[in-house]
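What shape does this take:
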Amino acid sequence: MPEWVEVIWRTVFAVVVLFFLTKLLGKRQVSQLSFFEYITGITVGSIAAYVSLDTDKTWHLGVIALLVWISLSLGIEFLQMKSKKARDFIDFKSTVLIKDGKILEDNMKKERLTTDELLAELRKKDVFNVADVEFAIMETDGAINVLLTRENQPLTPKHLGVKVAPEQETQAVIMDGEIMDEPLDALGLTRGWLMGELEKLNLSPENVYLAQVDSYGELTVDLYTDSVEVPQTQEKPQLYALLKKCEADLELFSLSTNNEQAKKMYGQCSEQLQGLLKQLKPFVQN
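Numbers count the residues shown, from 1 in each chain. Prediction:
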């Protein structure tokens with residue numbers, strides 16, 4: 001066999017073996033690497049290159065070395081799952097870099113992290129003032145996570161005492177012109193509903209590159225032909241009209257009741273809805 005053909009065959013063989021061994025290691029190996037996973041990735045890549053290019057008679061030893069490294073990596077991961085001490089020794093412990101708005105200089109030196117690097121990591125988290133940080137922790141994979149002080153955290157419905165319904169994941173129901181039945185089932189929808197929505201837009205599935213349905217049941221489509229504009233449905237104007245009717249009803253309730261407290265409440269709700277309608281008008285009316 002010519003040497004160049006042998007190199008091609010070994011390269012393909014090494015890629016296939018490396019692919020399956022990496023799948024065996026799992027997703028962590030291709031995400032944020034721990035200390036040992038970093039070493040494993042470098043070593044396994046080097047051995048795979050040896051198997052691919054070395055043309056002597058001992059190339060099969062490289063495959064054996066690959067299997068040993070993968071087995072060792074799996075064994076260490078199993079040990080880490082069973083022992084906290086093993087995890088701390090192999091992957092190190094998380095380090096607190098900021099506490100109560102104060103930078104811990106000793107921990108910064110321990111992690112060999114400069115102030116500029118810390119500030120850069122904080123900016124990635126949209127934090128520009130160290131005093132706004134309750135905790136900043138360097139994780140075992142080197143990532144820095146930040147917890148803002150309570151007064152600087154974004155306001156959520158929970159802070160307001162408002163319960164919100166869980167939001168479903170947006171599902172792709174058409175991809176490359178093909179209807180996806182499984183996402184439709186997950187949303188509790190049918191092909192008939194989807195075809196009806198497409199008919200409103202004068203479209204067929206073959207014209208659609210990607211179609212998605214969000215948690216509110218609204219369909220958005222992206223066509224193969226980018227120059228063609230998707231017709232807008234009339235659902236949003238209908239929603240605007242319904243909200244307008246609600247605002248009128250609230251105003252009517254305010255005028256018709258004799259209870260001063262209820263009158264004030266209805267009036268305030270009507271004013272708030274009027275403000276909301278002004279903001280929504282450019283988006284829901286044609």
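
How about the contacts made by G62?
Under the criterion of C-beta atoms under 8 Å, 6 or more residues apart in numbering, the neighbours of G62 are 47-48, 50-51, 54. C-betas here are computed from N, CA, C, even on glycine.

Quick check: it vs K200, distance?
Using C-beta to C-beta, to the nearest Å, we find G62 at a distance of 60 Å from K200.

One more: D181?
D181 is 21 Å from K200, by C-beta to C-beta.

one step back: kindly reformat the contacts of G62 as TSV containing neighbour count.
Shown next, in TSV, are the contacts of G62 (neighbours: other C-beta atoms under 10 Å):
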residue	neighbour count
I47	21
A48	22
Y50	18
V51	22
D54	14
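
and L203, which of the three is it?
coil (DSSP: H, G, I helix; E, B strand; the rest coil).

what's the nearest residue to it if we skip its chain neighbours?
Residue nearest to L203 in three dimensions, not counting chain neighbours: V221, with 6.8 Å by C-beta to C-beta, 6 or more residues apart in numbering.

didn't the one you found look like it was pressed against N202?
No: shown here, V221 and N202 do not form a contact pair, counting by C-beta atoms under 8 Å, at 11.4 Å.

more neighbours, those two?
Taking neighbours as other C-beta atoms under 10 Å, V221 and N202 compare with V221 leading, 18 against 9.

Could you measure from T43 over to L61?
If you go by C-beta to C-beta, the gap between T43 and L61 works out to 14 Å.

V68 now?
Where L61 is concerned, V68 sits at a distance of 10 Å (C-beta to C-beta).

the more surrounded of those two?
More crowded of V68 and L61, by other C-beta under 10 Å: L61, with 14 against 11.

wait, is that one part of a strand?
No: checked against three-state DSSP, L61 lies outside a strand; its state is helix.

Which pLDDT value goes with it?
Here, the pLDDT recorded for L61 equals 72.

same thing with the one 10 residues further on?
Model confidence at S71, expressed as pLDDT, equals 81.
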